[in-house]
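Colleague: A structural model of the following input is requested.
(one chain, ligands or ions: 2)
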Amino acid sequence: MHEPDFGVAGQTAIVTGASQGIGRAIAETLAASGANVAICSRSIDRVGPVAEEINAAEDAGEALAVECNVREREQVQDLVDRTVEVFGDIDALVNNAGGEFVAPFEDISENGWNSIVDLNLNSTVHCTQLAGEVMREGDGGVIVNLSSVNGQHPAPNESHYGASKAAIIRLTETLAVEWADDGIRVNCVAPGLIQTPGVAETLGIRSEQMPDREETDRRIGHSEEIADIVQFLLSPAASFMNGETVTAKGVPRPDNSFDVDLGLE
Ligand SMILES: CCCCCCCCC/C=C/C(=O)SCCNC(=O)CCNC(=O)[C@H](O)C(C)(C)COP(=O)(O)OP(=O)(O)OC[C@H]1O[C@@H](n2cnc3c(N)ncnc32)[C@H](O)[C@@H]1OP(=O)(O)O
Ligand SMILES: NC(=O)C1=CN([C@@H]2O[C@H](COP(=O)(O)OP(=O)(O)OC[C@H]3O[C@@H](n4cnc5c(N)ncnc54)[C@H](OP(=O)(O)O)[C@@H]3O)[C@@H](O)[C@H]2O)C=CC1
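Modeller: Residues are numbered from 1 along each chain as shown. Ligands and ions are numbered 1, 2, ... in the order given. Coordinates of the predicted model:
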């Protein structure tokens, strides 16, 4: 009988933006499943403790923490080089680092626009080209990009973010075709609203307001619910998925409201 293989044990995965939130949950999930993870953020003081926690866990993969601003291509090259140096190869890349601010289109300066496109889209290009080079020269690999429901549907005051996240979906689809012969699968996850420190900062949601993961009613999501999907996409079970975007947003209300007060108009 066929048994599905959702495993990632033995893989080496780069996870960007892993000091908190969704990226941290992805790193911890993959490591708990036996993958080695190279994790980065802009501050070694913030990402270092995540690696220490993973390395202290029994039966988990190993973690390497690297200070790397993914907007800086030479820092991304250093992340890739150190990953290969320590773990020998790169099997998986999760382009998670990203962010936004909320503002009406007419109030976004040229620098403001560029900072969000740079953080979300250009950083994905840097990491994918540089880690992809290692994968293409080796025996292939798997890439998962973090898009957003805001890359699939319009949301007011998110023009820069939505445009950058929509572009990530088309980049994913294009690379899935271009790199198929290199043995590389490229897929996207498009989360709805997930409770993370970044969202708490932007929207003021407190973790004690969060409903349990078990609740199936309309609610805000947990980082682990995105991490589980990323692990699936990296695993052999997803071998026939390429160029896809997996949306995870629970059951939205028709008016897009949530069970917690977001403090939004
Ligand atoms: C129903 C509900 C569904 C709601 C649905 C909501 C969905 C939310 C989904 C959540 C998605 C997430 O990503 S949540 C994660 C959120 N966390 C984060 O974003 C934290 C990470 N943030 C950052 O790294 C930074 O703050 C980031 C925004 C990228 C800017 O980085 P920089 O270092 O380039 O920053 P700065 O130099 O300070 O700013 C660059 C320019 O941006 C401008 N800028 C910065 N903040 C601005 C603001 N609030 N309004 C206007 N402009 C702003 C500055 O004025 C600068 O332009 P000039 O003045 O012209 O120079
Ligand atoms: N939360 C949500 O509702 C949703 C999130 N997403 C996407 O998921 C991803 C993660 O979001 P979330 O966990 O909420 O974000 P958080 O703001 O909570 O965390 C962002 C992470 O990225 C790191 N980071 C930020 N900028 C850089 C940079 N330039 N270089 C390297 N690392 C960086 C931060 O680390 P440090 O500050 O230490 O550098 C931190 O670890 C993003 O791409 C986001 O757009 C998509 C849809 C919904």
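Colleague: Return the residues of the stretch 101-250 of the chain in contact with ligand 2.
Modeller: Residues of the stretch 101-250 of the chain lying near ligand 2 by C-beta under 6 Å from any ligand atom: 119, 146, 148, 191, 193, 194, 196, 197, 198, 199. Every C-beta, even on glycine, is put in place using the N, C-alpha and C of the backbone.
Colleague: The protein: strands as residue ranges?
Modeller: In the chain, the strands defined using DSSP state E lie at 12-16, 36-41, 63-67, 92-95, 141-146, 184-191, 194-195, 221-222, 245-248.
Colleague: now those strands in JSON lines, with mean pLDDT and distance to residue 86?
Modeller: Below are these laid out as JSON lines (pLDDT from 0 to 100; distance: least, C-beta to C-beta, whole Å):
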{"stretch": "strand 12-16", "mean pLDDT": "99", "distance to residue 86": "9"}
{"stretch": "strand 36-41", "mean pLDDT": "99", "distance to residue 86": "7"}
{"stretch": "strand 63-67", "mean pLDDT": "99", "distance to residue 86": "5"}
{"stretch": "strand 92-95", "mean pLDDT": "99", "distance to residue 86": "15"}
{"stretch": "strand 141-146", "mean pLDDT": "99", "distance to residue 86": "17"}
{"stretch": "strand 184-191", "mean pLDDT": "98", "distance to residue 86": "22"}
{"stretch": "strand 194-195", "mean pLDDT": "90", "distance to residue 86": "30"}
{"stretch": "strand 221-222", "mean pLDDT": "92", "distance to residue 86": "30"}
{"stretch": "strand 245-248", "mean pLDDT": "97", "distance to residue 86": "30"}
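Colleague: Now mean neighbour count too, for the ones you listed, in TSV please.
Modeller: Below are those laid out as TSV (neighbours: other C-beta atoms under 10 Å):
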stretch	mean neighbour count
strand 12-16	30
strand 36-41	28
strand 63-67	22
strand 92-95	29
strand 141-146	26
strand 184-191	24
strand 194-195	22
strand 221-222	20
strand 245-248	16
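Colleague: Would you format those strands as a markdown table with distance to residue 102 included?
Modeller: Converted to a markdown table, the strands of the chain look like this (distance: least, C-beta to C-beta, whole Å):
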| stretch | distance to residue 102 |
| --- | --- |
| strand 12-16 | 22 |
| strand 36-41 | 22 |
| strand 63-67 | 28 |
| strand 92-95 | 22 |
| strand 141-146 | 18 |
| strand 184-191 | 17 |
| strand 194-195 | 16 |
| strand 221-222 | 19 |
| strand 245-248 | 21 |
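Colleague: and those strands as CSV, adding distance to ligand 1?
Modeller: Output for these, formatted as CSV (distance: least, C-beta to the nearest ligand atom, whole Å):
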stretch, distance to ligand 1
strand 12-16, 13
strand 36-41, 10
strand 63-67, 15
strand 92-95, 13
strand 141-146, 9
strand 184-191, 8
strand 194-195, 8
strand 221-222, 11
strand 245-248, 13
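Colleague: sorry, back to before: out of the residues of the stretch 101-250 of the chain next to ligand 2, give me the one that has the most neighbours.
Modeller: Using other C-beta atoms under 10 Å as the neighbour test, these are led by residue 148, with 28 neighbours.
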